[in-house]
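J.: The following block contains a protein sequence and its predicted model.
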Amino acid sequence: MSADTPILLWFRRDLRLSDHPVLAAACDTGRPVIPVFLLDEVVQGQGACPTWRLGLGVGALDEALRDKGSRLILRRGDALDCLQDLVRETGAGAVWWSRLYDPDAIARDTRVKEALKDDGIDAQSFRGHLLFEPWDIETKTGDYYKVYTPFWRTAREHPVADTLSAPSNISAPAEWPASDKLDDWAMGAAMDRGADVVLPHTNVGEPAAQGRLASFIGHAIDDYDAARDRPAMEGTSKLSENLTYGEISPRACWHAGRRALEKGKSGAETFLKELVWREFAYHLIYHTPRIATDNWREEWQAFPWNEDERRAEVKAWKQGRTGIRFVDAAMREMYVTGHMHNRARMIVASYLTKHLMCHWRIGQKWFEHCLIDWDPASNAMGWQWSAGSGPDATPFFRVFNPVTQLDKFDPDHAYVDRWIAEGQKRPGKDALAYFEAMPRSWSMAPDDPYPDPIVTADDGRKRALAAYEDRDF
């Protein structure tokens with residue numbers, strides 16, 4: 001390739017400039033770099049909230065690129081068609097991107113790479129979304145790991161490369177190709193009025209992500225072990241939002257955590273384990289892609305879960321009207337903020353799959369619709385872990401009691417009071433915001449009576465255990 005032959009740099013879940021291996025490699029060539037983002041078949045298949053949040057990240061990346069004298073070219077349509085069009089329009093000799101590992105992304109990227117190579121284009125994928133490639137960590141027999149703890153023991157000793165600085169210069173082409181306008185894509189259309197409610201709770205872009213990491217390491221990591229289980233406290237990093245869009249790299253988080261560990265910060269190792277838990281999810285979705293759609297444990301295939309999303313119990317769960325306060329508060333937190341506390345995620349997932357005996361896919365799909373930090377691997381593994389059908393899952397006979405869990409982790413009920421308006425004389429703004437974010441068709445109001453439990457904690461546990469009794473797990 002000549003020195004002036006452009007490289008198309010296809011951004012996906014890597015919306016940053018620093019510690020970006022493919023961007024660094026492209027800039028090191030000295031050739032013109034044309035950054036591209038595609039609203040393609042995979043992106044268009046996402047739920048409402050992650051699609052909207054992705055759009056915010058794309059806008060922030062374009063601003064960052066423009067500060068470097070570059071810009072982000074936007075195209076909508078089939079990924080291969082869009083890239084082939086851009087190659088013809090720009091004379092680009094290469095298309096480079098960061099690898100992704102979920103089944104939909106792999107299928108798209110394999111098709112794109114094969115077709116571009118057939119066209120004589122230098123099509124390359126680079127690492128950057130994970131600490132380790134899914135094939136880097138393997139058992140002594142060369143197999144993939146199926147249990148987290150031995151995976152962690154191996155991963156913590158595996159070298160992690162230093163982070164890369166943002167490029168000082170991104171060479172621009174002599175002429176920029178045409179670009180769609182981000183506003184014309186209306187990526188938040190499905191959010192309707194909920195977008196205005198959720199927006200103040202987002203933390204968009206690379207500088208914001210780096211600030212969030214610095215704040216967590218500087219002020220919260222010492223108490224992370226205990227505080228991360230208290231949903232009323234700001235005890236977690238909330239970096240999952242930024243990691244899922246690649247606004248910060250996992251390597252940056254890892255090295256910050258390691259430095260904190262070396263300084264004796266008590267919660268640092270737990271933070272590192274959570275980063276590796278994310279790696280484990282991608283390790284599994286790469287080696288066993290069925291985890292995204294089917295029961296990972298094949299013996300669960302015949303389990304008689306309810307799969308009818310139209311049932312009244314499912315609707316009550318989605319609306320935060322189950323009568324179980326921990327569950328309802330968590331569901332409303334998600335609707336107002338696009339986020340849900342990790343302890344609460346376990347409770348709502350257990351309640352849906354065990355107390356209500358509903359298929360985990362119902363919850364997986366709803367989370368994909370509602371979460372700003374939705375991640376295909378973590379969401380699939382988390383739901384199967386809670387349901388008992390996944391790798392290294394919570395034992396099927398362990399049924400979280402949402403009442404005692406609330407008393408343990410929210411003893412003064414600050415969390416539920418923050419999110420549930422019914423029954424309070426003066427509900428706070430967050431509890432009231434739920435009624436602004438929810439669909440109007442739900443016809444709920446803050447002065448409605450709070451419902452009795454649709455299934456009590458005790459009755460649900462008995463029902464679940466009875467269903468498990470005759471199964472050969």
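T.: Arrived safely.
J.: And the longest strand anywhere in the chain, how far out from the chain middle?
T.: Assignment by DSSP state E gives strand 33-39 as the longest strand of the chain. Strand 33-39 has its C-alpha centroid displaced from the chain centroid by 22 Å (C-alpha atoms, centre = their mean, to the nearest Å).
J.: Can you point out the buried residues in the helix or strand immediately after it in the chain?
T.: Once strand 33-39 ends, the next helix or strand along the chain (criterion: DSSP states H and E) is helix 48-67. Buried residues in helix 48-67, counted by 16 or more other C-beta atoms under 10 Å: 48-62, 64-65. Where you see a C-beta, it was placed from the backbone N, CA and C, and this is true even at glycine.
J.: doesn't Trp296 fall inside a strand?
T.: No: applying DSSP: H, G, I helix; E, B strand; the rest coil, one finds Trp296 to be coil, outside a strand.
J.: any idea how far it lies from Met357?
T.: In this view, Trp296 and Met357 are 19 Å apart by C-beta to C-beta, to the nearest Å.
J.: got it, and Leu83?
T.: 45 Å.
J.: neighbour count winner among those two?
T.: Leu83 (26 against 18; other C-beta atoms under 10 Å).
J.: Wait, a helix at that one?
T.: Yes: counting by three-state DSSP, Leu83 is located in a helix.
J.: wouldn't it be in contact with Arg111 here?
T.: No: in this structure, Leu83 is not within contact of Arg111 by C-beta atoms under 8 Å, at 10.9 Å.
J.: what mean pLDDT does stretch 213-231 have?
T.: Mean pLDDT, stretch 213-231: 95.
J.: quick one: terminal-to-terminal distance for that stretch?
T.: By C-alpha to C-alpha, to the nearest Å, the extent of stretch 213-231 from end to end equals 19 Å.
J.: in it, what counts as buried?
T.: So stretch 213-231, judged by 16+ other C-beta under 10 Å, has buried residues 213, 216-217, 220-222, 224, 227-231.
J.: For Pro177, which three-state class applies?
T.: Applying three-state DSSP: Pro177 is coil.
J.: Verify the stated contact: it with Val87.
T.: No: Pro177 is beyond contact range of Val87, at 10.1 Å (criterion: C-beta under 8 Å).
J.: any idea how far Phe271 is from the closest residue to Gly235 other than its chain neighbours?
T.: Once flanking residues are discounted, Gly235 sits nearest to Ala227: 2.6 Å by C-beta to C-beta, 6 or more residues apart in numbering. Separation of Ala227 from Phe271 (C-beta to C-beta): 12 Å.
J.: returning to that earlier point: how big is the angle separating the longest strand of the chain from helix 48-67?
T.: 160 degrees (axes from the mean of the first three to the mean of the last three C-alpha atoms, to 10 degrees).
J.: which secondary structure elements does strand 33-39 contact?
T.: When contacts are defined as 3 or more C-beta pairs under 8 Å, 6 or more residues apart in numbering; DSSP states H and E, strand 33-39 packs onto strand 7-11, helix 21-28, helix 48-67, strand 73-76, helix 79-90.
J.: what's the closest of the ones you listed to Leu371?
T.: helix 48-67 (5.9 Å; C-beta to C-beta).
J.: could you give the angle of that closest one to helix 21-28?
T.: 20 degrees.
J.: Can you name every helix or strand that helix 48-67 contacts?
T.: By 3+ C-beta pairs under 8 Å, 6+ apart, helix 48-67 packs against strand 33-39, helix 182-185, helix 194-198, helix 206-219, helix 360-370.
J.: Figure out the length between the terminal residues of stretch 213-226.
T.: 19 Å.
J.: sorry, that was for stretch 237-256
T.: First-to-last residue span, stretch 237-256, C-alpha to C-alpha: 12 Å.
J.: what about it, average pLDDT?
T.: Rounded mean pLDDT across stretch 237-256 is 98.
J.: can you check stretch 57-75 too?
T.: 98.
J.: ok, residues contacting it?
T.: 11, 15-17, 33-39, 82, 85-86, 167, 169-170, 172, 176-182, 185, 187, 204-206, 245, 247 (C-beta atoms under 8 Å, 6 or more residues apart in numbering).
J.: could you flag which of these are buried?
T.: Listed as buried from these are 11, 15-17, 33-39, 82, 86, 167, 170, 172, 177, 182, 185, 187, 204-206, 245, 247; burial here means 16+ other C-beta under 10 Å.
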